[in-house]
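Participant: how would this look folded up:
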Amino acid sequence: MKLQLSNIIHHYGSIEFSYNTTVTSSITGIYGPSGAGKSTLLTILCGIETPKSGKILFNEKTLYNSENGVNVPVHKRNIGVVFQDNYLFPHLTVKQNLLYSKAYKNGGGNHITLDKVIDLLNIEALLYKKPKQLSGGERQRVAIGRALLSKPELLLFDEPFSNLDRNRRKEIISYLLKINNRYKIPLLIVSHDLEDILRLTNHLIIVDQRKIVASGNYIDISESGMARDIISHKRLLNVFDAWFSGYN
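Facilitator: Numbers count the residues shown, from 1 in each chain. Reported below is the predicted structural model:
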């Protein structure tokens, strides 16, 4: 996977956003303070927002190029997005929400199927419930399933761990790892919690004051001092699962 953002400039009135980076990791975390421009980066990538200038390439395919007028529309970018608020249709059941995906209804490719997604995300018991009957973690799983059934080449997540307790966060992290491992779909994940990101990946994009200030391996960024004010105060733990079969 190779995602390139070259000299992307975007304006909200007089406020300017600037993004310039190359991403090659299969899972990348986007981290920075609130209001730094993390979510805006996602909306530009998926085509909801159109920048003023620059270029976006994904696996050598041009998604946006201000110089020659290329701007691939949202529905043709083949990018799935899971927003912080899920945006499930409240009047539809879980199964109907899952089946709403146009890509799935149109067929084509069979590596991602409804049955496989239901099994992967453990949502069979939820299929005939409405969103208001679900917990936050359950709604998140359904939203992830709907995005998967759009058969994306790239998945974007905007604060997938917000409003979830510690156990539910660990649960969602495990599902994201399964998706990446089973379907080889690259993930870009926005979160204000660095510890959650580092449970998934050590590849980061650091956003501050509406621009990318660092990107790469977490250790390299830490040692370089490029984002010292943003990550140096974080107290992080390395957590390993271990099994012991006996003692010598």
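Participant: Tell me which helix or strand in this protein has the weakest average pLDDT.
Facilitator: The weakest-scoring helix or strand in the chain, judged by mean pLDDT, DSSP states H and E, is helix 102-105 (a mean of 52).
Participant: What residues sit buried inside the helix or strand following that helix?
Facilitator: Of the helices and strands lying after helix 102-105 in sequence (DSSP states H and E), the nearest is helix 114-121. Buried residues in helix 114-121, counted by 16 or more other CB atoms under 10 Å: 114, 117-118, 120-121. (Glycine included, C-beta is placed from N, CA and C.)
Participant: who does the following helix or strand past helix 114-121 touch, helix- and strand-wise?
Facilitator: On the C-terminal side of helix 114-121, the closest following helix or strand by DSSP H and E is helix 136-148. For helix 136-148, the elements it packs on are strand 79-82, helix 94-98, helix 114-121, helix 166-183, judged by 3 or more CB pairs under 8 Å, 6 or more residues apart in numbering; DSSP states H and E.
Participant: so how far is the longest one from its chain's centroid?
Facilitator: So the one you mean is helix 166-183. Distance of helix 166-183 from the chain centroid (CA atoms, centre = their mean, to the nearest Å) equals 12 Å.
Participant: just stretch 113-127 next, same as before
Facilitator: In terms of CA atoms, centre = their mean, the centre of stretch 113-127 is found 20 Å from the chain centre.
Participant: what about dumping the CA coordinates of it to PDB?
Facilitator: Once non-C-alpha atoms are left out, stretch 113-127 reads as follows in PDB (Å, rounded to 0.1, in the frame of the first residue of the first chain):
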ATOM      1  CA  THR A 113     -19.400 -11.700   2.100                       C
ATOM      2  CA  LEU A 114     -22.200 -11.000   4.500                       C
ATOM      3  CA  ASP A 115     -21.800 -14.300   6.300                       C
ATOM      4  CA  LYS A 116     -18.100 -13.800   6.700                       C
ATOM      5  CA  VAL A 117     -18.500 -10.300   8.000                       C
ATOM      6  CA  ILE A 118     -21.200 -11.400  10.500                       C
ATOM      7  CA  ASP A 119     -18.900 -14.200  11.700                       C
ATOM      8  CA  LEU A 120     -15.800 -12.000  11.900                       C
ATOM      9  CA  LEU A 121     -17.500  -9.300  13.900                       C
ATOM     10  CA  ASN A 122     -19.700 -11.700  16.000                       C
ATOM     11  CA  ILE A 123     -22.900  -9.800  15.200                       C
ATOM     12  CA  GLU A 124     -25.300 -12.700  14.300                       C
ATOM     13  CA  ALA A 125     -27.300 -12.100  17.500                       C
ATOM     14  CA  LEU A 126     -27.800  -8.400  16.600                       C
ATOM     15  CA  LEU A 127     -29.200  -8.800  13.000                       C
END
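Participant: So which residues make contact with that stretch?
Facilitator: If you take CB atoms under 8 Å, 6 or more residues apart in numbering as the criterion, stretch 113-127 is touched by 93-95, 98-99, 104, 134, 138, 141-142, 144-145, 148-149, 175, 178-179, 182.
Participant: Quick check on those residues: which are buried?
Facilitator: Neighbour counting over the contacts of stretch 113-127 (16+ other CB under 10 Å) leaves 93-95, 98, 104, 134, 138, 141-142, 144-145, 148-149, 175, 179 as the buried ones.
Participant: Mind listing what's buried along stretch 20-31?
Facilitator: The neighbour-count criterion (16+ other CB under 10 Å) identifies 21, 23, 25, 27-31 as the buried residues of stretch 20-31.
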